[in-house]
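>>> Quick one: sequence and predicted model below, then my questions.
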Amino acid sequence: AQSVSQHNHHVILSEAASLELGCNYSYGGTVNLFWYVQYPGQHLQLLLKYFSGDPLVKGIKGFEAEFIKSKFSFNLRKPSVQWSDTAEYFCAAGAYNTDKLIFGTGTRLQVFP
Amino acid sequence: DAGVIQSPRHEVTEMGQEVTLRCKPISGHDYLFWYRQTMMRGLELLIYFNNNVPIDDSGMPEDRFSAKMPNASFSTLKIQPSEPRDSAVYFCASSLGPPLYEQYFGPGTRLTVT
């Protein structure tokens, strides 16, 4: 069955530190990949997405993610985090031509000034 | 567009009472999803609709939960009777469907059952 794994459950960083959150999916076919962010008390918002083409995807607020097909990974990165990046981050995958997304369990990021 | 609209934003009810959560998807979106978010289980898909028809309700926890979509602009999720373990944030999301099925989430309903 299709699944998405986020191995980092809770990450604590200081401002200006670099960030990388892991995401692995299990599906052999074509997949579309997403990162969503949920700021405290708010709903999920799309951060970035990958459908095809350049495996390095740039999203909002300086975030980027790299799709590595051989590793079934779609890790999220940001060179220098800010206190305002404190949020929960969800990776999601959808097999091509299926209706629904499978979400990972989320990674809670805390950034301290 | 106003985005996905959910009501109420907060609901506090006593065990045994009926609870109805409401969702208005983005106009033109063919798919509507209901999710539940808890600390223990994260984000769970409960049920989703395509063109107002329920497609997959395998995530609905038990018969106390039911969902309807009488038309393209309105859906309800009902819990009857409610139990304390139903306390969670319930999100509604809508999308255009494959292949561009980016989902747009509503603000959620925080349900507390005492």
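That came through, no problem.

>>> which secondary element of chain A has the worst mean pLDDT?
Least confident element among the helices and strands of chain A, by mean pLDDT, DSSP states H and E: strand A:102-103 (a mean of 88).

>>> List the strands paired with that one, with their directions.
strand A:87-95 (antiparallel) (DSSP bridges).

>>> So, low pLDDT: which residues of the chain?
Let's take chain A. A:1, A:97 (pLDDT under 70).

>>> Sorry, I should have been clearer: chain B.
B:1, B:99-100.

>>> Can you tell me which residues in it are near chain A?
B:31, B:33, B:42-43, B:45, B:48, B:50, B:55-56, B:91, B:93, B:97-108 (Cβ under 8 Å from any Cβ of the partner chain). Every residue, glycine included, has its C-beta placed from N, CA and C.

>>> repeat that with 7 Å
B:31, B:42-43, B:45, B:48, B:50, B:55-56, B:91, B:97-99, B:101-103, B:105-108 (Cβ under 7 Å from any Cβ of the partner chain).

>>> Pull out the buried members of those residues.
B:31, B:42-43, B:45, B:48, B:50, B:91, B:97-98, B:101-103, B:105-108 (16 or more other Cβ atoms under 10 Å in any protein chain shown).

>>> Report the contact partners of the residue in chain A sticking out farthest from the centre.
What lies farthest from the middle of chain A is residue A:113; by Cα atoms, centre = their mean that is 22.7 Å. By Cβ atoms under 7 Å, 6 or more residues apart in numbering or on different chains, residue A:113 lies in contact with A:15, A:83.

>>> all strands of the chain, in order?
Going with chain A. Counting by DSSP state E, one finds strands in chain A at the ranges A:3-5, A:10-14, A:19-21, A:24-26, A:31-38, A:45-50, A:56-58, A:64-68, A:73-78, A:87-95, A:102-103, A:107-112.

>>> Let me rephrase: I mean chain B.
B:5-7, B:10-13, B:19-24, B:31-38, B:42-50, B:53-56, B:65-71, B:74-79, B:88-95, B:104-105, B:109-113.

>>> Which among those strands is found nearest to residue A:73?
Comparison of those against residue A:73 by Cβ to Cβ identifies strand B:42-50 as nearest, at 19.6 Å.

>>> about what we covered before: separation between the residue farthest from the centre of chain A and chain B?
Relative to chain B, residue A:113 is positioned 26 Å away (Cβ to the nearest Cβ, to the nearest Å).

>>> picking up where we left off before, just send the strands of chain A back as JSON lines, with mean neighbour count too.
Converted to JSON lines, these look like this (neighbours: other Cβ atoms under 10 Å in any protein chain shown):
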{"stretch": "strand A:3-5", "mean neighbour count": "16"}
{"stretch": "strand A:10-14", "mean neighbour count": "13"}
{"stretch": "strand A:19-21", "mean neighbour count": "19"}
{"stretch": "strand A:24-26", "mean neighbour count": "17"}
{"stretch": "strand A:31-38", "mean neighbour count": "23"}
{"stretch": "strand A:45-50", "mean neighbour count": "18"}
{"stretch": "strand A:56-58", "mean neighbour count": "14"}
{"stretch": "strand A:64-68", "mean neighbour count": "18"}
{"stretch": "strand A:73-78", "mean neighbour count": "21"}
{"stretch": "strand A:87-95", "mean neighbour count": "24"}
{"stretch": "strand A:102-103", "mean neighbour count": "21"}
{"stretch": "strand A:107-112", "mean neighbour count": "16"}
